[in-house]
Structure formats: C-alpha cells, structure tokens
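>>> The sequence and its predicted three-dimensional model are supplied below.
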Amino acid sequence: KMAAPILLVGSVISLYYGIMVNQVAATTDHPVLTPLGETVIPVQLPLILTILAAGIASCALQMRQGAFSSRKRFAEVDRIPWDLVTLCALACGAIVGVLTCALRIVAEIQIVGVGNVAWMGDVAMGVVFFIIGFAVGLGAFALAFNDAIKAGITSAMIGPGSANVVGGQFAFVKTHGRCIDDMIVKAPAAMKVAFGENPKVNYAGQNTSPATRMAIAGILREELFKARTYQQRKQKEPDMSPDFRYECWLPVLTGEIPLKAHAHRADDILTAVRIAGEFGLGMTLDHCSEGHLILEELKEAGFPAIVGPDMASRNKIEVKNMAFKTAGILSREGILTAVTTDHPVSMIQFLPICAGLAVKEGMPPEEGLRAITINAARICGVEDRVGSLAVGKDGDVAIFDGNPMEVFTSVLCTIIDGNVVYYDEESGFL
C-alpha cells in the first residue's frame, strides 16, 4: 500500500523529467541522449530511485508489521494466495517496464531520429524494469492480504469497481489460502452495477455515453432487457450456442445472486430500486450514503444496505451527506444493514473501527457487531458458512483482547477453516 503511491509519484516525475530533457535537446541541438551514452542525468534515473524507494518502503513496512518478526507471526505464511498476488504484481511490473521503455524510445526518437534508436537495448531495459517492478509489486500486494488477517477479517466480497455501468461478477472469498480457487466460498456471488458520478465522469471524460444519470439508467435497462430476451430464447432452445455477454446475467435473472448496486445519492438509490423492481431482481444497495433521507421508500423496497466507506473523504458531490449515523438509522428501521470499508478507499483493517464509529453515532453496539459479521454474511448469501459460530459452519474465528470496535483493541489470534493463520506471540495467547 506504500509502494504503489511511491511508484506512481516517481513515474510522473520521471515522465516530466524526460519531457524537459527532450525539450532542452530539441531547442539546443545538444546530444543529451545517444545510444552510446548520456551527457546529462539519464531520463530513467528518477524511476530507478523511485523503485528502490518503493522496495525499501515495502520491506520496512512488512518488518514493522511483523512479517519477519518472531513476536507476531503468520502461521503457514506460504499459504498466501500467490496466484492472485502474482497477477497484481505482473500488472505492476508491466506498467513500470512499458513506461521505462517507452520513455527511452520517445526520447531517442526526438534526439537521434528513428533510424538511430537502440531498439534492442531499450526493450532489454524495459524487461529489467519489469522484473524489478514485479518484485516490488509482489511484496506490496502480498502485504494487503496480511492486513485483513491481522485485523481478524476472515472473508470478504471482492470484485470490479464502479467505473462502468455494469462492472461484472463478484466472488465471496476467504482472506487466506494458497490458491484463490480454494479460497472461494461463493462465486459468482453478485453482479456489480453502478449509478451516479463514477460511470458518468468516466465516460464524460471520453466524450461518450453515459455522460448523464439518465443514460446510465437507460444503458442498464437495455442490458437487462437483452439479457432477459436471451434467457427466454435459451429456455426455448436449450441447445443454442451460448452468448457469454448474457450468460453471466442468468444467475441474476433467476434470483440466484443479486445486483450489487453502487449508489450514493437518494435519486440514484431510487433509480436502482425502480430498475430492480421492473425486472424482479434481488439487490444490495452498496454505499447507500443518503439512505437515511429516504427511509420509507427503502423499507417498502426491502433491499439490504451495505453502508460506507464513511471514513473516506467527501470528494464527490454525491457523498456530501455521507455520515456514520446512516448505518444506525437504517438498522433501527428494520433494514438489514452491514458496514463496509470499500477497500482500498478505506483500508480493510479499519472495518471494526468503522463499525465502532457507527455505534458512536447511534447504532446499538450489538448491531454494530452484527454489521460486520452475520448481517454481512446474510447480505452476501453465505450465512450458512460464515458470520457466526455454530455447528456445521466454517471454523472462522477472530479472538481479540477487548471490544473489536474500539481503537486500542488488538487481535490475539485469527483462525480460518479451523486453522490458526495469525497469532500475536507477544501476548502469550498461544
């Protein structure tokens, strides 16, 4: 979580520096960059220093948080889900490698011309930086899984973001394991759709639709209509070739999984309710920042709410009424309510604290605990396996030295599927 911002800042600095070097070269006719050597600071030096800083910061943070300490241990630490971590690290490495190679090639084209570009050398340099970026990303992303376990969080609903009207399918997973396939509790678990500023701003910046809230609603209704038509056709022709654009909608249309609707503002929430009602779909209202302003409508609709991330800044006009009181107000009105950090908007390890702040603002303490345990499990459709302690359920347990919703409380031990995956040796608990 520290390496990524450092890499981003360093990449911007490196890019800006490269532009400046090339401008100087173009205006002074000075051979600042040649295939054989430089007479000024190399363009890639800021990026080299950035990658080193990111790697040092990542290792330092892991040491500080106990990854290499004998006092706070992760049991069977090799069971980190390396396939998912590796995918994220590959993306990190690809970005760094491509950026480095591209900067060099662009600089050389401007200075020495296309015919004199050292293509093989530049590609080789990109490969080297890819390897370095991959290594840094591997450490940074692996640490994120440990953050959840150290906070006593044993499972999570994960999936795509909200930049598109239809984001894709979610999965409910355990936060510990060797392979992501073995970590899955339910997949698919929901279908992500988004209303409001995120898809609107994303596509308005590309000068394409949807650039308005009306267009977002229209696109979603059209997609659902086509999916329902596909479902009806498939029922009549069971041997027809699958259309994978609409296959993913079948569990939604049959009621197996709900829509997962990103909606902050009251009008967006009501639009989501209207569309779900039109097609007879289940739905969870994610964020629901202005849900407390439309209580009667939400009670009548009967959809559960996943409130948060209230710890985040009010950086969009649609979250101006975001507050920790919302979860408690909805809960007191009989609406099934859970609390979310929307990681990484707010870090996942702060989930118990977010529930505590909701309690501070009026949610009953027992409801605050339910909002991050059994209520969350019910909303995600996995209450038969997690969310409470009962015979027949998965052996997922978090043991604290106090109230988990209080800021000074520490996790003594985290157990997933009956296995101890983290413990604080300093406490003497084990």
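Happy to help now that I have it. These figures come from a predicted structure and were not determined experimentally. Residues are numbered from 1 along each chain as shown.

>>> Could you check the pLDDT of residue 93?
Residue 93 is assigned 63 on the pLDDT scale.

>>> what about the stretch 1-150 of the chain, any weak spots by pLDDT?
Applying pLDDT under 70 to the stretch 1-150 of the chain picks out residues 1-97, 99-101, 103-114, 116-118, 121-122, 124-144.

>>> can we see that at 50?
Where the stretch 1-150 of the chain drops to pLDDT under 50, the residues are 1-2, 16, 24, 27-28, 32-41, 64-71, 75-80, 138-140.

>>> residues in contact with the nearest residue to residue 410 once chain neighbours are set aside?
Of all residues not flanking residue 410 in the chain, residue 401 sits nearest, at 5.2 Å (CB to CB, 6 or more residues apart in numbering). To be clear about C-beta, it is placed using only N, CA and C from the backbone, and glycine gets the same treatment. Counting by CB atoms under 8 Å, 6 or more residues apart in numbering, residue 401 touches 409, 410, 412, 427.

>>> how near is the nearest residue to residue 297 once chain neighbours are set aside to residue 357?
Among residues not flanking residue 297 along the chain, residue 270 sits closest, at 6.3 Å (CB to CB, 6+ apart). Residue 270 is 27 Å from residue 357, where distance means CB to CB, to the nearest Å.

>>> Between these two, point out the one with more neighbours.
Each of residue 270 and residue 357 has its neighbours counted (other CB atoms under 10 Å); residue 357 has more, 22 against 17.

>>> What are the boundaries of the strands in the chain?
For the chain, strands defined by DSSP state E occupy the ranges 33-34, 37-38, 72-73, 155-158, 166-174, 184-194, 259-263, 283-287, 305-307, 337-339, 397-400, 411-416, 419-424.

>>> quick one, which of these is nearest to residue 245?
strand 166-174 (9.9 Å; CB to CB).

>>> what's that closest one in contact with?
Identification of contacts with strand 166-174 by CB under 8 Å, 6+ apart yields 154-161, 180, 183-194, 220, 223, 248, 257, 260, 262, 380-382, 396, 416-417.

>>> Quick check on the residues you listed: which are buried?
Among those, those classed as buried by 16 or more other CB atoms under 10 Å are 154-159, 180, 183-194, 220, 223, 257, 260, 262, 380-382, 396, 416.

>>> could I get the contacts of residue 401 as CSV with neighbour count and distance to residue 343?
Output for the contacts of residue 401, formatted as CSV (neighbours: other CB atoms under 10 Å; distance: CB to CB, whole Å):
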residue, neighbour count, distance to residue 343
409, 16, 20
410, 15, 20
412, 20, 23
427, 15, 26
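
>>> want to throw those into a markdown table with distance to residue 327 and pLDDT?
Shown next, in a markdown table, are those (distance: CB to CB, whole Å; pLDDT from 0 to 100):
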| residue | distance to residue 327 | pLDDT |
| --- | --- | --- |
| 409 | 20 | 96 |
| 410 | 24 | 94 |
| 412 | 27 | 95 |
| 427 | 31 | 78 |
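
>>> Now go through these and say which are in helices.
Of the positions in those, not one sits in helices, assigned by DSSP state H.

>>> Walking through the stretch 151-300 of the chain, point out its helices one by one.
Using DSSP state H, counting those that start in this stretch, the helices of the stretch 151-300 of the chain run over residues 180-183, 197-204, 213-236, 244-247, 250-253, 266-279, 295-301.

>>> Could you export these as JSON lines, including distance to residue 367 and mean pLDDT?
Shown next, in JSON lines, are the helices of the stretch 151-300 of the chain (distance: least, CB to CB, whole Å; pLDDT from 0 to 100):
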{"stretch": "helix 180-183", "distance to residue 367": "29", "mean pLDDT": "86"}
{"stretch": "helix 197-204", "distance to residue 367": "29", "mean pLDDT": "91"}
{"stretch": "helix 213-236", "distance to residue 367": "32", "mean pLDDT": "96"}
{"stretch": "helix 244-247", "distance to residue 367": "38", "mean pLDDT": "92"}
{"stretch": "helix 250-253", "distance to residue 367": "29", "mean pLDDT": "98"}
{"stretch": "helix 266-279", "distance to residue 367": "21", "mean pLDDT": "98"}
{"stretch": "helix 295-301", "distance to residue 367": "16", "mean pLDDT": "97"}
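
>>> pLDDT wise, what is the residue nearest to residue 358 when sequence neighbours are not counted at?
In space, and not counting its chain neighbours, residue 358 is closest to residue 327: 4.2 Å by CB to CB, 6+ apart. Residue 327 carries a pLDDT value of 98.
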